[in-house]
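> Whatever this is, show me its structure:
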Amino acid sequence: MDLRTAAVLLGGVLLRIAPSILFPGIHAVLASRVELATPASSYKQLREGLYLYDLGMAPYDGGVYHQAPLLLPAFTALGQITSLAPSALPIAVLYAALDTLTAYFLSKISLSRKQLQWLPAAVFMFNPVVLATTLARSTTTISHAALTAAVACATAGAATPSVLLLALAGHVNAYFCYLAVPLCVLWATTARGRAASLGLFAAASAGLSYTGFLLTGASPFSFPSAVLMLKFLTPNMGMWWYFFIEMFDFFRPLFTYIFQLYSAIYVVPVTLRLRREPLFALACIHGITTMSKAYPELGDLGMYISILALYQDIFEHVPGALLSALVILHALVLAPSFYYLWIYLGSGNANFFYAVTLVYAIGLTILIKDTLRAVLRREFEAVQGVAVEGAAAKRAVVQI
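Sure thing, here's the model as predicted:
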């Protein structure tokens, strides 16, 4: 690790621990923001699930807890050592350590790609939405650490640890299971090896779910069904909630399947087209699910931007980078204001906040489209052995 990366990690740790000491109430404020915490990641709902679990009650029966079952025994064991209050110093240290691990693994991946080692770590550690998500104590922080560890192991050639770590990430965030498809390109070079890796991933995921069943008594399908079937409708930065609030209950199952299919349908085509760049295929799929999954939050946006920072050489070819940044920033500024007008003042309605989420989705779409175009253009230049410049760079090229 070079000196710059170490300085970035140290600065990020201090930035995460200091608010717990100086502003103990900031965690409760941020945890109540729908942009930063959802039913699938909220620390408040995790503590409610822990309360039911400690009483010996089934945590999923009350319609309150919608997160991974293994988080309950893990945080119960942690609660026997220290306070689980979000402002407690041990919790602050734990979340800072998870973010530090994420940034460290991002720097290792960047080094393996012969890019600036410190830049992805800095983009992650000093990203305001990542910092706010960590201070809100979202469990997304846990899944991001496991995901980046899995990718770092895959790029280093350690396939088995990568498979197990991705299974852990998928256990906390069900949509990360999609990322097994692009990662299997890194796990093995033959079709038989990739099938074996995917089989091991499925077995590890089933083993984690069954372990959760043994420890909590909850059905192995309780958590996936709670997330995938959208059992808890609350406003968030996604496009689902308003649509399903306005829908008759009779049609909800059909459109739930359609919306989930939209999130999944890109996985195999994107991986096949970007088979020479499996890491970018992972980034692209993660960006799509960030926009289209049932319970999106801003922490996913921060992780997506941090992964894009691994491709520092493409941004000179991304024409809409400034536009997408301004559109997303516009949505991030207006979302809290419109939510306040709707919920607290009553001078607005749900359309205000939902319009901002659509703007947010447009900004993400522009960013995904332009970065994908830049990677394909670089691949075209490498295959053809020519640089596309001037007017030719703007001309559409059909490449299969």
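
> Where does the prediction get shaky in the stretch 1-150 of the chain?
62 (pLDDT under 70).

> now the helices for it?
Remark: helices assigned in the stretch 1-150 of the chain by DSSP state H, counting those that start in this stretch are 3-22, 26-31, 43-54, 71-79, 89-112, 118-125, 128-135, 140-155.

> okay, those in TSV with distance to Gly193 and mean neighbour count next?
For glycine as for every other residue, the C-beta is placed from the backbone atoms N, C-alpha and C. Putting the helices of the stretch 1-150 of the chain into TSV (distance: least, CB to CB, whole Å; neighbours: other CB atoms under 10 Å) gives the following:
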stretch	distance to Gly193	mean neighbour count
helix 3-22	33	16
helix 26-31	43	18
helix 43-54	37	19
helix 71-79	32	16
helix 89-112	20	21
helix 118-125	28	25
helix 128-135	34	22
helix 140-155	13	25
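
> Format those helices as JSON lines; extra columns: distance to Gly217.
Rendered in JSON lines, the data for the helices of the stretch 1-150 of the chain read as follows (distance: least, CB to CB, whole Å):
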{"stretch": "helix 3-22", "distance to Gly217": "34"}
{"stretch": "helix 26-31", "distance to Gly217": "27"}
{"stretch": "helix 43-54", "distance to Gly217": "9"}
{"stretch": "helix 71-79", "distance to Gly217": "10"}
{"stretch": "helix 89-112", "distance to Gly217": "26"}
{"stretch": "helix 118-125", "distance to Gly217": "37"}
{"stretch": "helix 128-135", "distance to Gly217": "30"}
{"stretch": "helix 140-155", "distance to Gly217": "22"}
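
> so which of those comes closest to Gln260?
Relative to Gln260, the nearest member of these by CB to CB is helix 140-155, separated by 18.5 Å.

> The helix or strand just after the closest one versus helix 71-79: what angle between them?
Per DSSP states H and E, the first helix or strand lying C-terminal to helix 140-155 is helix 159-172. Interaxial angle of helix 159-172 relative to helix 71-79 (axes from the mean of the first three to the mean of the last three CA atoms, to 10 degrees): 90 degrees.

> Now the element after helix 159-172, going C-ward?
The helix or strand immediately downstream of helix 159-172 is helix 180-187, counting by DSSP H and E.

> chain center to that following helix: distance?
Distance, stretch centre to chain centre, for helix 180-187: 18 Å (CA atoms, centre = their mean, to the nearest Å).

> Report the backbone C-alpha coordinates of that helix in PDB.
The C-alpha trace of helix 180-187 is given here as PDB (Å, rounded to 0.1, in the frame of the first residue of the first chain):
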ATOM      1  CA  ALA A 180     -22.100 -14.200  -9.800                       C
ATOM      2  CA  VAL A 181     -22.600 -14.400 -13.600                       C
ATOM      3  CA  PRO A 182     -20.000 -11.800 -14.600                       C
ATOM      4  CA  LEU A 183     -17.600 -12.900 -11.800                       C
ATOM      5  CA  CYS A 184     -17.700 -16.500 -13.000                       C
ATOM      6  CA  VAL A 185     -15.700 -15.300 -16.000                       C
ATOM      7  CA  LEU A 186     -12.900 -14.400 -13.500                       C
ATOM      8  CA  TRP A 187     -13.400 -17.500 -11.400                       C
END
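
> buried residues in that helix?
By neighbour count on 16 or more other CB atoms under 10 Å, the buried set for helix 180-187 is Ala180, Val181, Pro182, Leu183, Cys184, Val185, Leu186, Trp187.

> I'd like those as TSV, with distance to Phe380 and pLDDT appended.
Shown next, in TSV, are those (distance: CB to CB, whole Å; pLDDT from 0 to 100):
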residue	distance to Phe380	pLDDT
Ala180	28	93
Val181	24	93
Pro182	20	93
Leu183	25	92
Cys184	25	91
Val185	20	90
Leu186	23	89
Trp187	27	90
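
> what's the closest of these to Phe75?
Nearest to Phe75 out of the buried residues of helix 180-187 is Ala180 (CB to CB; 26.0 Å).

> quick one: that closest one from Val375, how far?
Separation of Ala180 from Val375 (CB to CB, to the nearest Å) stands at 21 Å.

> ok, Leu367 touching Pro319?
No - between Leu367 and Pro319 there is no contact under CB atoms under 8 Å: 11.3 Å.

> Comparing those two, which residue is more hemmed in?
Higher neighbour count among Leu367 and Pro319: Leu367, with 24 against 14, using other CB atoms under 10 Å.

> what's the spacing between the host helix or strand of the more buried one and its chain's center?
In the assignment (DSSP H and E), Leu367 maps to helix 350-384. Put simply, helix 350-384 sits 16 Å off its chain's centre (CA atoms, centre = their mean).

> What is it packed up against?
Applying 3 or more CB pairs under 8 Å, 6 or more residues apart in numbering; DSSP states H and E, we find helix 350-384 packed against helix 240-245, helix 278-292, helix 298-308, helix 321-340.

> These: lowest mean pLDDT?
The weakest mean pLDDT among these belongs to helix 240-245, with a mean of 86.

> Where does pLDDT dip in the stretch 151-300 of the chain?
Where the stretch 151-300 of the chain drops to pLDDT under 70, the residues are 220.

> Apply 80 and report the result again.
Residue ranges of the stretch 151-300 of the chain with pLDDT under 80: 217-232, 249.

> again with the stretch 301-400 of the chain
Applying pLDDT under 80 to the stretch 301-400 of the chain flags residues 348, 382-400.

> rerun that using 70 as the cut-off
Scanning the stretch 301-400 of the chain for pLDDT under 70 picks out the ranges 385-400.

> Would you mind listing the residues in contact with Gly287?
Neighbour list for Gly287: Tyr304, Leu364, Leu367, Ile368 [criterion: CB atoms under 8 Å, 6 or more residues apart in numbering].

> hmm, 6 Å instead?
Contact analysis of Gly287 by CB atoms under 6 Å, 6 or more residues apart in numbering lists Tyr304, Ile368.
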